[in-house]
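# okay, sequence plus prediction incoming.
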Amino acid sequence: MGTEGGPGGPVSPSTGEPVTGEPAEAVGARLVSAYREVARTMRDLPVYNPRLDVEAVGFRLHDGHALGVLVTPWFMNIVLVAREGGPPLPDAALGAFRTVDFPAGRVSLLVGEVFGFGRLDTASLFSPMAGFDDPATARETAAAALLALFRPAGRGVEAPEETRPAKTPDRRALLFGRGA
């Protein structure tokens, strides 16, 4: 994961070298644009939650790639994407799973492709999104999931009481290890 640094922009925390290529936030914005097009075809399906919109949450650099959570009215996924001008994702067949290491542990990502965008590797957090009553709760849950990925394994991943949303879907308890 890169960090902002000096006049040259982001630098790699592992090497201290400048990171070149498209900013992670720009990748998130491109994803939102692609999925808003998909949303137009999904509106009449029962899995579509009309209280939500397509949003990119917390996009940042991870091993030279863009990583964040994509929230749509029908799913919430962790997304890992190659950036324009950055390193490519490792070769993998569409529909295959590949494992990525995070401080919290290994996560299996499904290799996929979105028309008009290209390849993206994803891990589902929630689908469908019927348990979310408002965009703020969805965003808070997405941010908490991303934060949990970067907490070392064995350390608490529970959000402080004052930052937890008032209403939480049951699957979130499973995601953060608090049981069913």
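Yep, that arrived.

# residue contacts, the residue most central in space within the chain?
Compute the mean C-alpha point of the chain, and by Cα atoms, centre = their mean the closest residue is residue 69, 2.0 Å away. Residues near residue 69 by Cβ atoms under 8 Å, 6 or more residues apart in numbering: 56, 57, 58, 76, 77, 78, 79, 125, 142, 143, 145, 146. Bear in mind the C-beta positions are built from the backbone N, C-alpha and C, glycine included.

# hmm, try it at 7 Å
57, 58, 76, 77, 78, 79, 125, 142, 145, 146 (Cβ atoms under 7 Å, 6 or more residues apart in numbering).

# now do the second one against residue 109, distance only.
Same thing as residue 58. 16 Å (Cβ to Cβ, to the nearest Å).

# before we move on, what about the third one?
For residue 76, the distance to residue 109 under the criterion Cβ to Cβ works out to 15 Å.

# looking at those two, which is more packed in?
Neighbour totals were compared for residue 76 and residue 109, and residue 76 leads with 25 against 21 (other Cβ atoms under 10 Å).

# that one and residue 130 touch, don't they?
No: between residue 76 and residue 130 there is no contact under Cβ atoms under 7 Å: 11.8 Å.

# show me where the protein has helices.
For the chain, applying DSSP state H gives helices covering 24-42, 135-149, 170-175.

# so which of the ones you listed is the most packed in?
With neighbours taken as mean count of other Cβ atoms under 10 Å, those reach their highest mean count in helix 135-149, at a mean of 20.

# elements contacting that one?
Applying 3 or more Cβ pairs under 7 Å, 6 or more residues apart in numbering; DSSP states H and E, we find helix 135-149 packed against strand 55-62, strand 65-71, strand 76-81.

# residues contacting residue 122?
77, 78, 79, 109, 110, 112.

# make JSON lines out of the helices of the chain and add distance to residue 87.
Below are these laid out as JSON lines (distance: least, Cβ to Cβ, whole Å):
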{"stretch": "helix 24-42", "distance to residue 87": "13"}
{"stretch": "helix 135-149", "distance to residue 87": "20"}
{"stretch": "helix 170-175", "distance to residue 87": "29"}
